[in-house]
Structures are given as structure tokens and as C-alpha cells.
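Visitor: Give me a 3D structure for the following:
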Amino acid sequence: MTRRDGSGGRGTSTVPQRMTKAERKEQARKDRLELQRKQESRKVRRRIGIIIGSVLVAGAVAAIVLVQVNKTTPPLPGMMTTQATTANPWPANSQDALTRANKIGLPPLGSETFHHHDLLQIYIHGDSIQVPPEIGLVQNVGGASMHTHDPTGIMHLETNSPYNFKLGQFFDVWGLRFDDSCIGGYCASGGDQLRVYVNGTQVKSNFRSIPLTQHEDVVVTFGTTAQLPHPIPNTYSKSISSVCAPTC
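Guide: Down below sits the predicted model:
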């Protein structure tokens, strides 16, 4: 289409031609495709953002967990990871006892304000293993708030105020590896399993977290079911030790 300009001459028309129905349909199709492309692009960016965010969060959580693990379970010196026999029980291993007690955050040995007693019995393949005297007691230095005085297995828990002592802490003071699978060098395999009983009732897991309150009879066994003591001890004489009788 042409039009005349003001000079009387002819010029090219600047009025856009109308789109045909087919052209409008094609343009609408292109617009839809462009919109879909933009929407897909936004979705991809969101997914990438979510993935990156998840990785960062997971990394942060892992770092926090690692810090907490390192904080609550610091490396302890002098830990015994060997086996023992009835002829050669694990020693008291008290040389680094106070260092270990400090590292796990135990309160210091105190007065008679808080003084509880619990019994620890250990059986390896059916044989009774002696819990040695003077665990946690360092000659001419002092002692930890968890310790033994004689070979009866009585654990003394002494500090200035009530404290929630745990079984794992006693083994840490002793310096003997102890978890849900191992005691010393004996680790669960096949029929040989580590089992723990408190007052005759089996504890299935989290052995280290078993609370030591007052007069608990704790039995730790390693071996097959046929090697378990029969019956499982569930109480003990409160006069078992001359150190604390008759309230052991």
C-alpha cells in the first residue's frame, strides 16, 4: 500500500499490514513456546538452587555433627583394646585415669555429699573376669569421681552434688574400650556377641548410656548364649565389700 506525502510525491506506507489468521495462529504458537521455554528455564534454576542449598545444608549439618562428636568423644590416652583371660585380667590402668576423666567432663572427686555404689560383673566366654581394684585412683595424686577400691567390682561414684553417671564413663576412666560391639579386644562376630544386663534385664543397645544410679547390678558378657551365666545375676549383697558394707 502507498500514500502520497505532503510534496505530492508517492512514498512507502508506514501503516502495518494486518496479520492473516494463519499468521496470528503461528505467532500465538511461537509465543506459547517462548513462554514454556521461560517457565522450564525457571524450573531448572529452582531445582539447581534447591540441590545446591541441600548440599550446603547437609555439609553444614555434617560439620556440626563432626564437631559435636569430636567435642563429646575426644581421643582418650591409654585406652586398652586388647583381650583378657581369667589368668591375665585387664589391669586398673590408672596412669592416665584423671586425664581421661577430665576429657570426658566428669565432675571431680568430692565429699560424701553424693556417694553411690553399683556392681560391675564381667564374663568373657563364660569365665568371670576380675574388675581390678584402684581403677581411677592415682597414687599420691588423687582419684576420679568414678573408681574402685577392691576387686569386688563395686563402683564408687563420689562427687559434691548429684550427677548422672553413665556406664560408658566408668569404662573411659578405666581406659578399656567399650561400646555396643566391643569390650577391650573382644568384638561381636557371628555367635559371639556383647550383651549387657541391668538387675537381670537385658539392655539391647546404647550400652554406654546406661545410667548408674544406686545399687545397680550391671552384668557385661561376651560370647555365645550358651556361655551366659545361669541365672543372670539381678542383685548383690550390700555387704559384698568391706569398704562400703553394709550399704554397698
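Visitor: Could I get the full set of strands for this structure?
Guide: Applying DSSP state E to the chain gives strands spanning 2-4, 10-12, 114-124, 127-129, 137-138, 142-143, 146-147, 154-159, 182-183, 186-187, 193-198, 201-203, 217-223.
Visitor: looking at the ones you listed, which is buried most?
Guide: strand 146-147 (a mean of 28; mean count of other Cβ atoms under 10 Å). Just so you know, the C-beta spots here come from the backbone N, C-alpha and C atoms, and that holds for glycine as well.
Visitor: how about the nearest residue to C244, chain neighbours excluded?
Guide: H117 (5.5 Å; Cβ to Cβ, 6 or more residues apart in numbering).
Visitor: For D192, which non-adjacent residue is closest in space?
Guide: Closest to D192 by Cβ to Cβ, 6+ apart is G223, at 5.7 Å.
Visitor: For that neighbour, give me its contacts.
Guide: G223 is in contact with Y123, I124, H125, G126, D192, Q193, counting by Cβ atoms under 8 Å, 6 or more residues apart in numbering.
Visitor: Which of these sits closest to H215?
Guide: H215 lies nearest to Y123 out of the contacts of G223, by Cβ to Cβ, at 20.2 Å.
Visitor: Can you give me every residue that contacts that closest one?
Guide: I129, V219, V220, T221, F222, G223, Q227, L228, P229.
Visitor: Show me where the protein dips below the pLDDT cut-off.
Guide: 1-17, 23-28, 30-33, 35, 43-44, 48-74 (pLDDT under 70).
Visitor: please redo it, this time with the cut-off set to 90
Guide: By pLDDT under 90, the weakly predicted segments of the chain are 1-75, 83-89, 110-113, 139-142.
Visitor: tell me the helices in it, going along the chain?
Guide: Using DSSP state H, the helices of the chain run over 21-72, 97-103, 167-174.
Visitor: helices or strands up against the second one?
Guide: Where contact means 3 or more Cβ pairs under 8 Å, 6 or more residues apart in numbering; DSSP states H and E, helix 97-103 is packed against strand 137-138, strand 142-143, helix 167-174.
Visitor: And for the nearest residue to V138 once chain neighbours are set aside, the neighbour number?
Guide: Sequence neighbours aside, S94 is the residue nearest to V138 in space, at 5.3 Å (criterion: Cβ to Cβ, 6+ apart). Each residue near S94 was counted by other Cβ atoms under 10 Å, and the total is 25.
Visitor: same question, P162
Guide: Using other Cβ under 10 Å: P162 sits among 10 other residues.
Visitor: And for Q227?
Guide: Look at Q227: counted by other Cβ under 10 Å, it has 16 neighbours.
Visitor: isn't it right up against H125?
Guide: Yes. Using Cβ atoms under 8 Å, Q227 is in contact with H125, at 5.3 Å.
Visitor: and the two most separated of the contacts of Y123?
Guide: I129 and L228 (14.1 Å).
Visitor: Show me the domain layout of this structure.
Guide: Using automatic domain parsing, the domain parsing of the chain gives 18-72, 97-227.
Visitor: who wins for proximity to M79 among these?
Guide: Among the domains of the chain, the nearest to M79 by Cβ to Cβ is domain 97-227 (5.3 Å).
Visitor: Single out the most deeply packed of the domains of the chain.
Guide: The stretch of those with the highest mean neighbour count (mean count of other Cβ under 10 Å) is domain 97-227, at a mean of 18.
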